[in-house]
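Trainee: need a structure here:
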Amino acid sequence: MKPHNKTLSTSAREIAVNVICNVVRDGKSLTDALSLCDTLDPRDAAFCRELCYGTLRWYVRLEAILATLLKKAFKPKDLDIKVLALLGLYQLIYLSTPDHAAVSETVNLCQKGKKSWAKGVLNGVLRHFLRHQDSIENTVDSSPGQRFSHPSWLATQLEKDWGDDLPSILQANNQYPPMSIRVNQNHTTRDDYLQLLQKDGIQAEANPFNPASLTLCKAVGVDQLPEFWQGACSVQDSAAQLAAPLLDTKTGDRVLDVCAAPGGKTAHLLEIMGASISVLAIDIDEQRNHRVKENLQRLQLNANVVTADGLAPDTWFDGQLFQRILLDAPCSATGVIRRHPDIKLLRKQSDIPKLVELQQKLLDTMWPLLDKKGVLLYATCSILKAENSRQIARFMAKHSDAKAIKIEAPWGRACEYGRQIFPGENQMDGFYYACLSKI
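Mentor: Numbers count the residues shown, from 1 in each chain. Here you go, the predicted structure:
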């Protein structure tokens, strides 16, 4: 089904081509590449973002459709023309752009560059698609990976991991993600904040699994959120808001938050416990650590934020053990594809073993820093078992002083170790949690 109509803009299409080329050719993240939209007026920028997110969300499927329409694939140097064709197909299939406008506006962009030869090719490709749309789409959709627009390696791995759940996972990855917020309960209650939102005409629903979480019925800019800059709330997915309560921090605890940026979980811990705990938040990326500090400052919270490599504790560990450690491990981010559709293109199968090895090293490095009877919470936004339950099974086999704490919860599903949330489940992102105690 096609969404509501969009205002058409040639400049928006032009910039969308550049953004997508930056992602596909240069490996830039979509978030970074979209800075090119800043030159557009708000309506055109919104249309440009729709084109970029949508085309990348459906890139694998659109690419398969394009392959059936071409006698010969475009050369790598003509990636811009290929992307133009994919943009045209995206508008014809998924947007309510009139067919003639989608074709003519796409074709006309060829006149702006030195590739006027492509005008006839694009015109022929898009018109041929319109004549044979049903049969072409049916052919392409015979494979689940292509039908739901996921790289074949990822669809295969998810099927191995989750079997019959594959279609629902792939489908959820293509949905538009909701905007969730965490109400700062030092500032106000969730019910009171819900009333503030309603006064401003913003509809939201309470998440049943977290007393601080609200999911907005429609995303808004943070400036529209009541008292946002005074620290009343933060933008954070509801699944990520489960971390702080799972850590079950006690008064007097020293807490280590590893790979802490952008600081949402750090802030949540402090919102719950305040000055009764001390938190050391470390991240290897200095720029991302600025965001941690900005978030804490806005929320009027205090933590020791250090730019450091978690794998080199000699440079930052003072010898005092921690009673709680939160390891938000670097991962494939396969649980947040609906928010970042570029992950489908940027993440490669060869990345997974490297990430698994890094997670393993971080777990092994953090464990000696944990006090006896202390708790380590391992978290990822992945839905791959190699990074999650199998990673923890390996750790448990290696560490006789580790005991898994069973997570009894109404969310997610129990694994051999830990608990897995699928993307879209109760409007949450795909997340994994495992709680380990030191005997």
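Trainee: Show me the shaky parts of this protein.
Mentor: Scanning the chain with the threshold set as pLDDT under 70 gives 1-10, 111-113.
Trainee: And the residue nearest the centre of it?
Mentor: In the chain, the centroid-proximal residue (Cα atoms, centre = their mean) is residue 336; its distance is 3.1 Å.
Trainee: Secondary structure class of it, three-state.
Mentor: coil (DSSP: H, G, I helix; E, B strand; the rest coil).
Trainee: Identify the residues contacting it.
Mentor: Residues in contact with residue 336, defined by Cβ atoms under 8 Å, 6 or more residues apart in numbering, are 177, 237, 343, 381, 423, 429-430. In this view, the C-beta of every residue, glycine as well, is placed from N, C-alpha and C.
Trainee: ok, and what's touching the one helix or strand residue 50 maps to?
Mentor: Element membership of residue 50, judged by DSSP states H and E, is helix 42-57. The contact list for helix 42-57, computed with Cβ under 8 Å, 6+ apart, reads 6-9, 11-13, 15-16, 19-20, 23, 30, 33-34, 37-38, 40, 62, 83, 86-87, 90-91, 94-95, 149, 174, 341-342, 344-345.
Trainee: Need the buried ones from the residues you listed selected in PyMOL.
Mentor: Buried residues within those, by 16 or more other Cβ atoms under 10 Å, are selected in PyMOL with:
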select buried, resi 6+8+9+12+13+15+16+19+20+23+30+33+34+37+40+62+83+86+87+90+91+94+95+149+174+341+342+344+345
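Trainee: Now the element after the helix holding residue 50, going C-ward?
Mentor: Tracing the chain C-terminally past helix 42-57 and defining elements by DSSP H and E, one meets helix 59-69 next.
Trainee: which residues are contacting the helix or strand that comes right after that following helix?
Mentor: Once helix 59-69 ends, the next helix or strand along the chain (criterion: DSSP H and E) is helix 79-94. Judged by Cβ under 8 Å, 6+ apart, the contacts made with helix 79-94 from elsewhere in the structure are 2-3, 13, 16-17, 20-21, 24-25, 51, 54-55, 58-59, 62-63, 65-66, 74, 97, 99, 102-103, 106-107, 109-110, 113, 115, 118, 121-122, 125-126, 129-130, 133, 137.
Trainee: what's the spatially closest residue to residue 226 that is not a sequence neighbour in contact with, if anything?
Mentor: What sits nearest to residue 226 in space, not counting adjacent residues and going by Cβ to Cβ, 6 or more residues apart in numbering, is residue 196, at 4.2 Å. When contacts are counted by Cβ under 8 Å, 6+ apart, residue 196 is found next to 188, 226-227, 232.
Trainee: quick revisit: may I see the contacts of residue 336 organised as JSON lines, with secondary structure added?
Mentor: As requested, the contacts of residue 336 are exported to JSON lines (three-state DSSP):
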{"residue": "177", "secondary structure": "coil"}
{"residue": "237", "secondary structure": "coil"}
{"residue": "343", "secondary structure": "helix"}
{"residue": "381", "secondary structure": "coil"}
{"residue": "423", "secondary structure": "coil"}
{"residue": "429", "secondary structure": "coil"}
{"residue": "430", "secondary structure": "coil"}
